[in-house]
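**Student:** starting from these lines, generate the structure:
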Amino acid sequence: MPPVPVVPEGQSHVLAEFDCLDPLLSALRLDSGRLKCTCLAVSKKWLGLGTSAGGLHLIQREGWKQRLILTHKEGSIIQVACCPSDEDFIAVATSQGLVAVWELQLERRGRPERVSVSWEHRGQRVTALCWDSGSLRVFAGDQGGKVSFLRAGSTKLSKVPATFVIFPVQTVTTVDSRVVQLGYQEGRLLVSSLSRCYLCDTEREKFWRIGNKERDGEYGACFFPQSRSPAGGPPPLLYCARPGSRIWESSFSGEVLSTHQFKQLLACPPLPLISYRSEPQYVPAQRSSQSIAFSKLLYLGDQHLLTWTDSAIYIFRPQSGQVLLWSEIKDVVDIAVHRSELFCLHGNGQMSHLSLVSAERCVERLLRRDSWVLAASVCCMFPHALVPSRTRKLVPIDRVEHLKTQLSPASHPELIRQLDEVISRLEPLDSASSSRRSSISSHESFNVLDCGIYRVISRRGSQSEEETGSFINQSASEEDRLKEFAFGPEEDQGEQGKHLAGLPFHLNLPFGPNQPRIALQAVKDSVSSLFKKTTEKINTLQMNTDLWQRSEAQPEVLVATSVCTETENELQELRAATERATLQIQDPFVLMDPAALGAVLREWLQVLERVLGVEQPGSTSEDGPLKEVRTREERSKPQSLEQQQQGEPPLCSSSWEPIGPETGEQPPLPEKENQGRGLEPESGVDPESTEDEEEENPVRVQPPTALPSDLLGDLTPLATLYLEMSCFRGQGEEPGVLSAAGFLRRYFFLLDAERVRRACLLCHAEQPTLSPSASTELTRSSKVVEVIQKGDLLKSLRGLRELQPWSAPELLAHTHRLYERHGEAAVRSFSQFHPAVTPADVALMAQPPHFLAYLDNLVQSHAEELRLSFLGSLLQSESLRQDWLELGLSHDAPQPSDTLTADGQPRWHSHFFSWGYGRLLSLLIQLPADLSSKETMAETCRSRGYWTGFLYLCCELQRRTEAFSTICRLDDMSLLEDPQVVPQTVQEWKVLIQLSQQCSTEPEPAPPTPNGTSTPNGTATLVNGSAEGRRRQVTPENLTLRLAQSVGPDRALEVLEECGLPLALSPHSALVCELLRVAEKRQRATIQTMLERCDRFLWSQHA
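**Tutor:** The predicted structure follows:
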């Protein structure tokens, strides 16, 4: 890894992406090809997303939960604006020119209501929206230059001063060109068009032009508050974009004060985006000057100005004329800001959530998310931001040193070297405050309350041992509380008052604006010196006791020395056996002979069992080598008399880690969950015996003794090979041979996790007790496990996405936990982890209905034209297609009694029943397959009553007569509209007409009534009596009319006569036939006339 370049000292801020919104868009189905996000708006509470289908999704930012969806039939949503002062109002504009205001009515717990509607911009594209929050007015500008306002018709308008006449919709002005951006502040409306900027006093109806020079193009403008307080202070400034990377600064009255030129300042190199998606790459090479058109200007955070292009984001400090930063971010279409947060909409419909933070704040947030490599990269890029002592409250020195220990020396040696240089330059806390704390600690003892107040205890004389012990306990408890705050979630500054509201007193605390975590972190440093001094005194008093313990332990040291010698001998024996087995396996005659290969592995397994085998119960609680020797000596001995009398339970070895909670017991799985995991009682496997075996033989993820790395590398191929042979040969049934499941649990620390996963998937039918879920033990210490156990699915998925690049076994272990916690809701989200988690993995862990929902969601997540090929790539074997087809036909499907008669024939109009997974079933049937597979699928569809799929397969198999018979029994002429089903020859038409005559003479079957799902039949019965219903019936008369449209009425009547049916037609049919004759005659005459004209033209050219 090359060294990380250092940015100049003038750079202090970065754009960072801490959260991923992809799961949110996936849950809203906004990542599909048909439905996309078109616009966005953000406020303190809401994130509004407009869609191309006319829906407005309102997402609650706390927890990222969808609260509301507002639908519009007037086109797609192209503009959204949230009211800054009242979160209950939101304005939208559609593609047809509608501007609407919604009142959410959350305080009254009512339904959202569209309180005002304006068609003032009908037929025009609305290009800008902005709120007058004081009067609850929405200003809108369109591509024609018209600017209007719309009042929100609500009861809250009673707060606004009443006038003589209130017009709900009114045109403000019409400018010379398209409106680019609107802004409103303190009674002034700012309008930016393609040619110039205008300032409007809406109360006095006066207008000013800002500046004298025109422009040509999209240039934005915005108000820039000079004070944070909403009331009082100087009036805001105006900033208007100009060509050539220039910005006008204007007064509130519209007078241009100065021009800021950023063309040369933008020649600096861009700062990288700090994101979990990729490592930051900073190139310090100087760039050329940039001449940019700032299409929009937005006020951001603390006196910053934001603008962007389709390839970069720029942030300025306009009052000082400096460039805070600029970063290259591709395909940016729109940006919505709230304080220092940016929500970016990209051209492909995706979204990104960015934050403008200082470098030290970025490091602190990355450390809390365990993003070690990113945090180290930022530390090395911004050493000047971390070195000053003021940053120790956010990034203490011990946190940076802990960060260094989390980096791998093999993959990041250069990064560790640079981080060492940064650590050596870090300044401690301010010397003045340090001297103050040391003076307190030298004369007084104190502890710290939760609110951050020092509680000082005067030292009058010497303290007793009880006082010293109580003080140590208090300090330790404070240390524990500080650790809890050290990794707590970051809170908004607006929520700080909640922490102080619960205090039993009301004081103007000087540390009120700071976060409680920061205050406690500072107190932790102040307490540390006194706590260390007290601990040293206690250790000095206990020195003699330690010496007595060491003198008593000398005989055991000799025993431990002999234990180490015996362990080394056993490891040498295991090494020799491993080398001998590896050498024998390299012989082709042994490798290709399963019997000889099994004999070699069993001989090696005997040595492995003797050295690393399972320790018998009865061991004591001693640790270290002495425990290993006593355990080996007492393997064949029963428990001691004292343990039998006292009833002490046997203790497991320290190398064992039980499955399940920390109590050591595995909770029993419900019956349905066992079936979903493949633990149903088949092939002689008893679930109860399986659970007992798992409790007796937990998974071992660590070896009982330390193994050299070279020996461990030689043991892994042999252990994995033995497991694979045990899976496919069924050696677990032979007496005296370790089963595959037992070997997996006993020697999991030797196995290759990826090969174990593949073996479990391939041999699940033969070894149902063999499950790859044992890999969950490897990830028990992961930070994501804590998030999963808290029960927040969205945060859990975000944590998993931050683990990229994924390791398939580790990711599979986390998905096991998610499924056990959330069930079907978790399975539906597993499609985003494909191909790391395959459908075979999900089928092994999930119940069949849940797996079916996952498979349907996975296929539908791709574009429509790619779904068929993608589904084909998932079918690794032909048997899977039949299994998935039967699964889809048996879940969320009508009952067979509703689609089949008693004699197994299609029930009338039963094809109108809805199938929950109809799209997936259609794709499975359309996939290429051999003849036998299609016949099997056709029989399955017929037995289940899935008639649309059955008709398709009949046409594929050239069983057209059977398809025609099915259509006649279903009695629906619309089935013949499919070009693949319609008869191709006159002979097929004859067969179809004869079949329809036979079906019409048969008695009508009784309608289905077992479960109340006969809605299609009941609906068809109502339609049957009407003329439209009679035309949809498959009768000889309707078929004759359909045949007449293709071959003519006379030929159709001849076919009807050849079938031996009467020629009597209804008046309507006779009229249709007569109209067809007239149309046919006119068509022939037209063709004859055209031929004659062509003939004359050709003769004239010949002459």
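**Student:** which ones are touching the residue nearest to residue 343 when sequence neighbours are not counted?
**Tutor:** Using C-beta to C-beta, 6 or more residues apart in numbering and skipping the chain neighbours, the partner closest in space to residue 343 is residue 336 (4.7 Å). Backbone N, C-alpha and C define where each C-beta goes, glycine included. Residue 336 makes contact with 40, 41, 42, 342, 343, 345, according to C-beta atoms under 8 Å, 6 or more residues apart in numbering.
**Student:** how far away is residue 336 from residue 137?
**Tutor:** 20 Å (C-beta to C-beta, to the nearest Å).
**Student:** what of residue 573?
**Tutor:** In terms of C-beta to C-beta, residue 573 sits 88 Å off from residue 137.
**Student:** follow-up on the earlier one: among the contacts of residue 336, which ones are in strands?
**Tutor:** 40, 41, 42, 342, 343, 345 (DSSP state E).
**Student:** pick out the most distant pair among the residues you listed.
**Tutor:** 41 and 342 (12.9 Å; C-beta to C-beta).
**Student:** of the two, which one has the most company?
**Tutor:** residue 342 (26 against 23; other C-beta atoms under 10 Å).
**Student:** verify the stated contact: that one with residue 355.
**Tutor:** Yes - taking contacts as C-beta atoms under 8 Å, residue 342 lies within contact range of residue 355: 7.2 Å.
**Student:** so what sits against both of the two?
**Tutor:** With C-beta under 8 Å, 6+ apart as the test, residue 342 and residue 355 both reach residue 15.
**Student:** what's next to whichever helix or strand residue 66 is part of, contact-wise?
**Tutor:** Assessed by DSSP states H and E, residue 66 sits inside strand 65-71. Identification of contacts with strand 65-71 by C-beta under 8 Å, 6+ apart yields 27-28, 54-60, 92, 102, 104, 112, 794.
**Student:** out of those, which are buried?
**Tutor:** With burial judged by 16 or more other C-beta atoms under 10 Å, the buried subset of the contacts of strand 65-71 is 27, 28, 54, 55, 56, 57, 58, 59, 92, 102, 104, 112.
**Student:** who's in contact with the second one?
**Tutor:** The contact partners of residue 28, by C-beta under 8 Å, 6+ apart, come to 49, 57, 66.
**Student:** give me that answer again for 7 Å
**Tutor:** Residues in contact with residue 28, defined by C-beta atoms under 7 Å, 6 or more residues apart in numbering, are 57, 66.
**Student:** confidence score at it?
**Tutor:** Note on residue 28: pLDDT of 85.
**Student:** ok, now how distant is it from residue 328?
**Tutor:** 28 Å.
**Student:** on that earlier part again, out of the contacts of strand 65-71, which sit inside strands?
**Tutor:** 55, 56, 57, 58, 59, 60, 92, 102.
**Student:** buried ones in stretch 903-916, by neighbour count?
**Tutor:** Buried, per 16+ other C-beta under 10 Å, within stretch 903-916: 906, 907, 908, 909, 910, 911, 913, 915, 916.
**Student:** let me fix that, I meant to ask about stretch 401-419.
**Tutor:** For stretch 401-419, by 16+ other C-beta under 10 Å, it's 403, 404, 407, 412, 415, 416, 418, 419.
**Student:** and of the residues you listed, the nearest to residue 958?
**Tutor:** residue 412 (64.4 Å).
**Student:** ok, the closest one to residue 405 distance?
**Tutor:** 12 Å.
**Student:** what secondary structure does residue 835 sit in?
**Tutor:** For residue 835, the assignment made with DSSP: H, G, I helix; E, B strand; the rest coil gives coil.
**Student:** neighbours around it, how many?
**Tutor:** Residues lying near residue 835 (other C-beta under 10 Å) number 9.
**Student:** show residues contacting stretch 784-798.
**Tutor:** Counting by C-beta under 7 Å, 6+ apart, 19-20, 23, 64, 779, 799-800, 803, 814, 817-818, 821-822, 825-826, 829 sit against stretch 784-798.
**Student:** and these, which of them are in helices?
**Tutor:** Members of these lying in helices (criterion: DSSP state H): 23, 799, 800, 814, 817, 818, 821, 822, 825, 826.
**Student:** element containing the nearest residue to the first one once chain neighbours are set aside, please.
**Tutor:** Taking C-beta to C-beta, 6+ apart, and ignoring the residues beside it in sequence, residue 23 has residue 797 as its nearest neighbour in space, at 4.7 Å. Residue 797 is part of helix 793-801, with elements assigned from DSSP H and E.
**Student:** which strands and helices lie in contact with the lengthiest helix in the chain?
**Tutor:** What stands out as the longest helix in the chain, according to DSSP H, is helix 1067-1102. Using 3 or more C-beta pairs under 7 Å, 6 or more residues apart in numbering; DSSP states H and E, the elements in contact with helix 1067-1102 are helix 1036-1047, helix 1049-1058.
**Student:** pull the distance from the shortest one to the chain's centre.
**Tutor:** Helix 1049-1058 has its C-alpha centroid displaced from the chain centroid by 63 Å (C-alpha atoms, centre = their mean, to the nearest Å).
**Student:** over to the first one?
**Tutor:** How far helix 1036-1047 lies from its chain's middle: 54 Å, per C-alpha atoms, centre = their mean.
**Student:** pull out the buried positions in that helix.
**Tutor:** By 16+ other C-beta under 10 Å, the buried positions in helix 1036-1047 come out as 1036, 1037, 1038, 1039, 1040, 1041, 1042, 1043, 1044.
**Student:** count the residues that sit near residue 841.
**Tutor:** 22.
**Student:** ok, residue 865 next?
**Tutor:** 8.
**Student:** show the pLDDT at it.
**Tutor:** 85.
**Student:** any low-confidence regions in the stretch 451-600 of the chain?
**Tutor:** Within the stretch 451-600 of the chain, the stretches with pLDDT under 70 are 451-564.
**Student:** angle of the longest helix of the chain against helix 1049-1058?
**Tutor:** Here helix 1067-1102 points in a direction 130 degrees away from that of helix 1049-1058 (axes from the mean of the first three to the mean of the last three C-alpha atoms, to 10 degrees).
**Student:** now do helix 1067-1102 against helix 1036-1047, angle only.
**Tutor:** 0 degrees.
**Student:** what are the buried residues along helix 1067-1102?
**Tutor:** Buried-residue list, helix 1067-1102, by 16+ other C-beta under 10 Å: 1069, 1072, 1073, 1076.
**Student:** also stretch 868-883?
**Tutor:** 868, 871, 874, 875, 881, 882.
**Student:** just the strands in the stretch 251-400 of the chain please.
**Tutor:** Using DSSP state E, counting those that start in this stretch, the strands of the stretch 251-400 of the chain run over 256-261, 274-275, 298-300, 304-308, 312-317, 322-328, 332-338, 341-346, 351-358.
**Student:** who touches the fourth one?
**Tutor:** So the one you mean is strand 304-308. Residues contacting strand 304-308 (C-beta under 7 Å, 6+ apart): 220, 224, 239, 294, 296-300, 314-318, 324, 332, 335, 337.
**Student:** what is the mean pLDDT for that strand?
**Tutor:** Strand 304-308 comes out at a mean pLDDT of 95.
**Student:** off-centre distance for that strand?
**Tutor:** 29 Å.
**Student:** neighbours of residue 220, how many?
**Tutor:** 23.
**Student:** need the pLDDT of it.
**Tutor:** 96.
**Student:** which residues does it contact?
**Tutor:** So residue 220 contacts 180, 181, 192, 241, 294, 295, 296, 297, 307 (C-beta under 7 Å, 6+ apart).
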